[in-house]
Structure formats: C-alpha cells, structure tokens
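Model the following, please.
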Amino acid sequence: MRLYFAYGSNMWSAQMDKRCSQSKKVGVARLLDYRWIISTRGYANVVKSMNDYVEGVLFEISATDEASLDKYEGVSSGSYQKVEFPVLHEGQEKVALVYVDAVTVEGSPKQEYIQRINSGLADAKLSEAYVTRYVRKYVPAQPS
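The predicted structure follows:
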C-alpha cells in the first residue's frame, strides 16, 4: 500500500470508489508551501507558493489503484506527472504520491469539473477557511 494525496475531484468518494476500488480513506492532510489552482487545462493543480498550503484527502492505495489513477490522470500522455511530497496528517509528516500538472498558468474549470470538485469538497470536509480562500476563487459553490 502507498499513500496518495487527492486535492481535486478524487476527493469525491464515489469517484474514488469507482477508480480505486481497493483504496482506503485515511483523512485530511496538508501540503505545505503549495497553492491550489485551476490550470488553463481546466483542472486542479498545485503550484509552489511559500507560506500557502493545499488541503486534500490522504488515501491508502494499492498498485492496481495506482495504475488506474495513472490512466485517469493522463500520466502516459503527460497531463499529470507523479511526484512524492511530504504532507502533514494529524501532526505527522508522511510521504504521499501527488499528481502535478506541468501547466501552471491559471485558468477556469471545465463546466463538468465544477460539480465533481464540489462533490469532492462535500465529502472531504476540508476547512471552510481553506475552501473560501483558495478554491472558491476558481470554483463556484453549487446551489443546494
């Protein structure tokens, strides 16, 4: 098993269950000195940014789950690259797999992605301060 840090639509439990049937949610974690953006490709990314942070969900994943994520994240086509970063979970530093887009220019989310991000936010239970400060700049809340 390996740790995986989800910060985009993979925070949505239904999507992760479908993509990674063996995954187990560990809890909320933080990636320090990075900032959450939507790139010009229309999807979430993390970019180096001192004194900022990204909140996301830490999962334990199997090798089969990782192969599935590689496919969905477009690793072979170069959409996302696999990186290992230290994340903080319950006060402890842990090394986790993070998918990072080489495109760091800020853009707008694809229309279909808005619903998936909001579903992920509902499931993830990230701090309201984080969501307001970082995510809502790009992704509007959906009417309930």
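
can you pull out the helices in the protein?
13-19, 63-72, 111-124, 128-130 (DSSP state H).

so which of the ones you listed gets nearest residue 44?
Closest to residue 44 of the helices of the chain is helix 111-124 (C-beta to C-beta; 7.0 Å). No exception for glycine: its C-beta is placed from N, CA and C like everyone else's.

pLDDT averaged over that closest one, what's the number?
Average pLDDT, helix 111-124: 95.

Most tightly packed of the helices of the chain?
helix 111-124 (a mean of 18; mean count of other C-beta atoms under 10 Å).

Out of the helices of the chain, flag the one nearest residue 139.
Among those, helix 111-124 sits nearest to residue 139 (C-beta to C-beta), with 4.9 Å.

CA atoms of the closest one as PDB?
The C-alpha trace of helix 111-124 is given here as PDB (Å, rounded to 0.1, in the frame of the first residue of the first chain):
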ATOM      1  CA  GLN A 111     -18.000  23.000 -16.700                       C
ATOM      2  CA  GLU A 112     -18.400  19.300 -15.900                       C
ATOM      3  CA  TYR A 113     -15.500  19.600 -13.400                       C
ATOM      4  CA  ILE A 114     -17.300  22.100 -11.200                       C
ATOM      5  CA  GLN A 115     -19.800  19.500 -10.000                       C
ATOM      6  CA  ARG A 116     -17.100  16.900  -9.300                       C
ATOM      7  CA  ILE A 117     -15.000  19.400  -7.300                       C
ATOM      8  CA  ASN A 118     -18.000  20.400  -5.300                       C
ATOM      9  CA  SER A 119     -18.900  16.800  -4.600                       C
ATOM     10  CA  GLY A 120     -15.300  16.200  -3.500                       C
ATOM     11  CA  LEU A 121     -15.400  19.200  -1.200                       C
ATOM     12  CA  ALA A 122     -18.700  17.900   0.400                       C
ATOM     13  CA  ASP A 123     -17.100  14.500   1.100                       C
ATOM     14  CA  ALA A 124     -13.600  15.700   2.100                       C
END
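
Kind regards, and thank you for your time.
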